[in-house]
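**Q** sequence? don't have it. structure:
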């Protein structure tokens, strides 16, 4: 079977066409910097990759671009979309309705739409991907794989907020966590690399992309994670504030004479590294600015690193120790500066960084020394493969 995997992020759209028989990738691509100055990369298994600039103001244009590439007579890998057996979609927020993957129907779409206020940067993009696929392939099964599902193993003490319990009982306001597909895949992969039972490891996964979350995995289960009710919580991100004093919302609203929805929009789209630096939400731009002497860019990185270190320290305590720490996703895999700054501040745990190995970008590598009691890894996440496996299991 050929499975098309769609992974719509807040400013990106990754896709892979996977042959489920041998899990080979027949084509893959990336639409990035959506809404900024779009770039499209396409790599067919039977040809050379290419990158071109494409105007992609929204995810709708990104979806159209990838379909054109897959079916292109010269560089595509299929003649038409009917060759695809199923489509697997990464869905960020499933609330309490979805604790596992499901085949998509109108009711599922409606419930995903109900979760839009909880993931305003992501669920709308996920829904665009679903509806576009249904338009082009109306008879092809579509499967939703939820980021929140992996974290449903968190205990009450981790997912409940210290607010009146009626808000959880009536409105299901709680910590859900995100990037679950990535945290699951990476934590399992590091167990394979270390040749140790997954159920016996204490792992901290740092999924650092435009959106970012940190997860404590113990005995093969998520026991705590940095994101909360929405993907706005946790560490500072590309354009998101991460955790802040809730009282800040009231102060900004009064000072700027705006309502809470407008403040939330600022926290989602104008904050984080972009808000602190005033330069960009893209860490390639930030790293370049630092090399050119930008103090604002350096401050943004220092705040970002401090928050990562804060969560790692907390999770070491919650786990009762840690065996390994893993960096993954776009920034985690490709920004040695961030990894070095984080590990240098964790030397008190005994972590020793191999600075030569840390120069790796986008490759699987142990970046701690052999003598380091806590092993540190870079492991490229493969959410697409994990989603494909879930999709095949459901439609079979």
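**A** Received the coordinates, thanks. These numbers come from a predicted model, not from an experiment.

**Q** C-terminal to the host helix or strand of residue 264, what's the next element?
**A** Element membership of residue 264, judged by DSSP states H and E, is helix 260-269. Using DSSP H and E, the next helix or strand after helix 260-269 towards the C-terminus is helix 272-277.

**Q** out of everything not next to it in sequence, what's closest to the residue nearest in space to the middle of the chain?
**A** Per C-alpha atoms, centre = their mean, the C-alpha nearest to the average position across the chain is that of residue 179, at 4.6 Å. Nearest residue to residue 179 in three dimensions, chain neighbours excluded: residue 207, at 4.5 Å (C-beta to C-beta, 6 or more residues apart in numbering). Just so you know, the C-beta spots here come from the backbone N, C-alpha and C atoms, and that holds for glycine as well.

**Q** what does the model give that neighbour for pLDDT?
**A** Looking at residue 207, its pLDDT stands at 97.

**Q** close enough to count as contact, it and residue 217?
**A** No. The pair residue 207 / residue 217 is not scored as a contact, 11.6 Å apart, by C-beta atoms under 8 Å.

**Q** so how far is the helix or strand residue 217 falls within from its chain's centroid?
**A** Per DSSP H and E: residue 217 is located in strand 212-218. Relative to its chain's centre, strand 212-218 lies at 12 Å (C-alpha atoms, centre = their mean, to the nearest Å).

**Q** elements contacting it?
**A** helix 180-194, strand 202-208, strand 221-225, helix 295-319 (3 or more C-beta pairs under 8 Å, 6 or more residues apart in numbering; DSSP states H and E).

**Q** pick the most deeply packed of these.
**A** Among these, strand 202-208 has the highest mean neighbour count (mean count of other C-beta atoms under 10 Å), at a mean of 26.

**Q** which helices and strands does that one pack with?
**A** helix 180-194, strand 212-218, helix 295-319, strand 324-328, helix 329-334.

**Q** residue 377 against residue 324, yeah?
**A** Yes. Using C-beta under 8 Å, residue 377 is in contact with residue 324, at 6.4 Å.

**Q** before we move on, the earlier item: residues touching the residue nearest to residue 179, list them.
**A** Residue 207 sits next to 179, 182, 183, 186, 213, 214, 215, 328, 329, 332, 381 when contact means C-beta atoms under 8 Å, 6 or more residues apart in numbering.

**Q** adding distance to residue 338, write those residues out as TSV.
**A** Below are those laid out as TSV (distance: C-beta to C-beta, whole Å):
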residue	distance to residue 338
179	17
182	17
183	18
186	17
213	15
214	13
215	17
328	12
329	11
332	8
381	16
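
**Q** biggest separation within those, which pair?
**A** Maximum pairwise distance in the contacts of residue 207, criterion C-beta to C-beta, is 13.7 Å, between 214 and 381.

**Q** mind listing what's buried along stretch 94-106?
**A** 94, 95, 97, 98, 101, 102, 104 (16 or more other C-beta atoms under 10 Å).

**Q** gap between the two ends of it?
**A** 15 Å (C-alpha to C-alpha, to the nearest Å).

**Q** how far off centre is it?
**A** Offset of stretch 94-106 from its chain centre (C-alpha atoms, centre = their mean): 18 Å.

**Q** same deal with stretch 14-23?
**A** The mean C-alpha position of stretch 14-23 is separated from the chain mean by 19 Å, C-alpha atoms, centre = their mean.

**Q** give the rounded mean pLDDT of that stretch.
**A** pLDDT averaged over stretch 14-23 gives 92.

**Q** could you give me the buried positions within that stretch?
**A** Within stretch 14-23, the residues that count as buried by 16+ other C-beta under 10 Å are 14, 15, 16, 17, 18, 20.

**Q** of all those, which comes closest to residue 307?
**A** residue 14 (25.3 Å).

**Q** many thanks, have a good one.
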